[in-house]
Structures are given as structure tokens and as C-alpha cells.
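A.B. asks: sharing a model prediction with you, sequence too.
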Amino acid sequence: MLDYRNMLILAPMVRVGTVPMRLLALRYGADIVYSPELIDKRLMNTTRVENPTLGTVDFVVANNGPVCLRVHPRERDRLVVQIGTAEPALAVKAALKVAQDVAGIDVNCGCPKHFSIQGGMGAALLSDPERLCAILEALVKSVPLPISCKIRILDTVENTLALIHRIEDTGVKAIAVHCRTKQERPQDPGHWDVFQHLVRGLKYPDRTVLIANGDMFTPDDFVQLRAQAGITSFMLARAAYSNPSVFTAAKFALSHSPLTSEPPLPPPPTTTPVPVKSLTRTDRPPTHAEQSAIANAWMHVVPIAQILREYVLLAAETDMPYQNAKYTVMQMFPPLGKNAGTKAGENGKRTAGGGGVVMKRTKRFKRNPGLILSEQSGLGGEDREEEEEEEGGDGDETESVEIGVSGGVGKVFEVTKEHAARVTAAKSMRDICVVFGVEEEYGAIVESRNRVSNSALQDAGAPDSKHDGEFPYVPNPTFIPDGKRVITET
């Protein structure tokens, strides 16, 4: 049974949080990984397919549609599928569809985007606690897996705790809390100081794990939040996909800076509700042990060039469409200056291949994680402006923050504007691999996959088929029985 205590978790992220990123996060120390948000009706309308070529389990949309979810054996016991839903019965049907292949089910109760809210999903559930709790109760009762949900804070501490108490009564194992309201966006300061109120106010602290989410970028952030609020589990989005080795650094910092005292108690309750907007972030001076642990934790941050290589090879290994891999790679690029690899959009904000963003010191919060990490890593720290993700899921989970290092011992090359431009121009997975100097490894992956694929086809009684090496997919898939199809994830 999945345990959410003392965990570092990859957050659910639209388009970015597919199987290559999840495997990379696990490689660098994530304990649990979440899928992107999957809408209940779409998931219900899939067929479970065992993919012999990749060794994965694919959930394929009806009528030879795309892969809605691909589950790799290396993640199966640590993968939580997040469902977007507004109806208890649909939530249960969707969860049962994948229950035998994943470790947990989460309900998205925090997405503030129009797509989710207009369907009564995501942050709309925060205003309809009866429906939210009915969904969770149905899942807890009917699905043989740990159930969790991800919410945002409400307007006051008291209202947020009242909602959390109702959620706890449903029997969920964990509640991930993003420290912004549904009206706030990534450029707004997160309300870190709310966490000490929420942790101390849990109704069933021995049963329910509260997971902190929002504005955690450096090893110092994890140590500070644990010391201040008693948080033991952390969910990362922007920092994680900018450089997944942040999990290694965070784990080192936490394990080498043991708590010497209990976190301070929050202020006593008053008759006046406490607005969450009055709670920003209050840091305390780190102890000597914490300073040492934080300094040494930076040694565990891997150069971004190496991270990008590993990502594109995992994308090739898991048959990710090159367009999807290309999008994520552009999100992962460090600050490279304006218009690196792409033209500015209509709003003139897209930079560094359209992926990176900058946390402006005057607009975001006093501690600029992008610039701090750039200083630590020796990068220039050039500003990039923030742009909101337009798709579903937790919209604020798909913004970039620079956490890479492009220098240091053993570096092969530094990521440059030229790399961003070449990725932008890429027309295949092979093109992307050539940009990062891993075309030989890519060729070996394709050759190995072709051998397995052709063997599977022959076992199925289908004629041997050739393809261009991009996907091991035959021109006429009707020759392949359902259990042997190879379909590309979207």
C-alpha cells in the first residue's frame, strides 16, 4: 500500500508529466509520481492493451485512438493517476479501469482553468464540497487503492481547514495543498505560512498526510518548510521538470539536516478569520547543520545538458511522439535570452524556445528562485517573463523555473541558443537526439525495439513490416491483435 509520508512527489502536469518525465523523476529520487490529469469519460472510453514492444500497459482510446495513459513497469508501484471528474459514478468507473496497474488515485480539485471549471471539475469542486466529498467517498468505498486529492487554499485559514476536515472524513490517505487560491496565478506570491496552520489543524493527523505544493525550488526551501510547519511530504512541479535532479538535492538536504526542535506553533485562534493573503513567507535563520546540508545538496544538481540527454533517450525508449518530447524539452531549457529558438508570440512573452519563464524579483516574491539557482550554477540569470499554460490540469504546474547547471566537472557542452533553435526546427525524434549528441544511443534503442516489434508481429501471424525508425508501427495495424498493438502516447 502506497504511503504518502516523508515523500518527494512529482506533481500532475499537463503534457509534461507523461512517462518519460515520470521515469526521469524516479531515477533522480522522486518517491511518487503523478500522471497528468485524465478526464473520467476519456479514461472510461479506453481499452487496456499490453504492449509487448515497450513492455508497458497502454490505455488506448476507442477506435484506434491515441494512448490516454502509458504505464511503465518501473513506475507501476509508485504511480498515482489523477482524475478530472465531477460525478462520483464516473470517477469510480474511471479509477477501476486503471486500478490493477497503478498505485493510487487522485482527484483534481484545484485546476482553475476554464476547461475544468465549466465542467464542474477542478477548482469548481472547492465551491461544491458536497459533490467533492461524495466523489471521494465513492472512490474510497469502491476502489482498492489509496485515494487522495489536490486542492487550493480558500480565502481564510478557517474556511480552508473546514474543507480539509470534511475531506478527511471521507477516508482519503493524503491531501495535497497548493498554497494559492483559485484566483491566483504563478506570478502571485504563494502563502507558505498557511501550512503551519493546516498541519497543526488536521482532524486526523495520524491518518491523513498533508502534502505541500507551491514555490519550492531550492534545497533551502524544503528545509525551511519542514522546520516551520512540520511538513514531511512535498510535491514539485516547475522545479522538478526544469531539472529532476532537484529531487536528489532535496532528499540530501532533508536527510542531512535533522530537526532539532518541534516546528513553532501557529498563532492562537482569534474570533476574526485569518485571510490567507495575509500569510506569505517567513524564513528563519538556518542552523549550522542546515547550512552545511544545503550547501552540499547543490553538489547533487546534475548539469541540465545531461538531464536533457537523459530525457530525450527516455522519450525515445517509451515511443513518445517527437512533438510531445520537443514541447517538454523546450520547457526544460535554461534562460538563454529572448527569442532563443522561437519568435515571440502575440503577447511578446515567449522566450528561450517558448518554454522558460523568469521570476521577476519585483513581481513574484522577494526570493527569486530562478536567479538564485542561476547564481548557484554559474548561469547568467537573465530574466524571463512568465506565461500561463492554456490547457487543462493544474495550470500553474506547467510554468518553467530555471534549476539547471550548464557547467562543472564532466560537462560535454553547455546548452545554448543554437540548441534551442535546432530543437525548434526538429522534425523527428532522431533530429532531437542529434541536437544533444545521442544519435548513436537513439539508433540502438530503435534497433532493439524493431527486433522486439517484428518478433511480436511474427508471433501474431502478421507479415514482417518495415518502418522509418520513428515508431515501431506497421502500416496496417489490423494485422495486429489488440493485445499486441503498439500505439503512440499523446
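C.D. replies: The structure has been received and is ready for your questions.

A.B. asks: got a list of what residue 286 touches?
C.D. replies: Contact analysis of residue 286 by C-beta atoms under 8 Å, 6 or more residues apart in numbering lists 220, 223, 224, 257, 294. Any C-beta I mention is one placed from the backbone N, CA and C, and that applies to glycine too.

A.B. asks: list phi and psi for it.
C.D. replies: For residue 286, the backbone dihedrals are phi -70, psi 150 (criterion: degrees, to the nearest 10).

A.B. asks: report the beta-bridge partners for the residue lying closest to residue 148 once chain neighbours are set aside.
C.D. replies: What sits nearest to residue 148 in space, not counting adjacent residues and going by C-beta to C-beta, 6 or more residues apart in numbering, is residue 174, at 4.0 Å. Beta-bridge partners recorded for residue 174 (DSSP bridges): residue 148, residue 209.

A.B. asks: residue ranges with poor pLDDT in the stretch 301-450 of the chain?
C.D. replies: Filtered on pLDDT under 70, the stretch 301-450 of the chain yields the residue ranges 336-413.

A.B. asks: hmm, 50 instead?
C.D. replies: For the stretch 301-450 of the chain, the stretches with pLDDT under 50 are 338-412.

A.B. asks: packing partners for the longest helix seen in the chain?
C.D. replies: Scanning the chain for the helix with the most residues, using DSSP state H, yields helix 439-459. Helix 439-459 makes packing contacts with helix 304-317, helix 429-435 when contacts are defined by 3 or more C-beta pairs under 8 Å, 6 or more residues apart in numbering; DSSP states H and E.

A.B. asks: what residues sit buried inside the last one?
C.D. replies: What it means is helix 429-435. Buried residues in helix 429-435, counted by 16 or more other C-beta atoms under 10 Å: 429, 430, 431, 432, 433, 435.

A.B. asks: the fourth one touches residue 426, doesn't it?
C.D. replies: Yes: the pair formed by residue 432 and residue 426 meets the contact definition of C-beta atoms under 8 Å, at 4.7 Å.

A.B. asks: what number of residues lie near residue 285?
C.D. replies: 6 (other C-beta atoms under 10 Å).

A.B. asks: can you pull the pLDDT of it?
C.D. replies: Listed pLDDT for residue 285 reads 83.

A.B. asks: need phi/psi at it.
C.D. replies: According to degrees, to the nearest 10, residue 285 has phi -60, psi 130.

A.B. asks: so it versus residue 223, what's the distance?
C.D. replies: Distance of residue 285 to residue 223, given as C-beta to C-beta, to the nearest Å: 12 Å.

A.B. asks: now residue 254
C.D. replies: Taking C-beta to C-beta, one finds residue 254 at 7 Å from residue 223.

A.B. asks: got any residues that touch both of those two?
C.D. replies: residue 293.

A.B. asks: so which of these two has more stuff around it?
C.D. replies: Each of residue 254 and residue 223 has its neighbours counted (other C-beta under 10 Å); residue 223 has more, 24 against 21.
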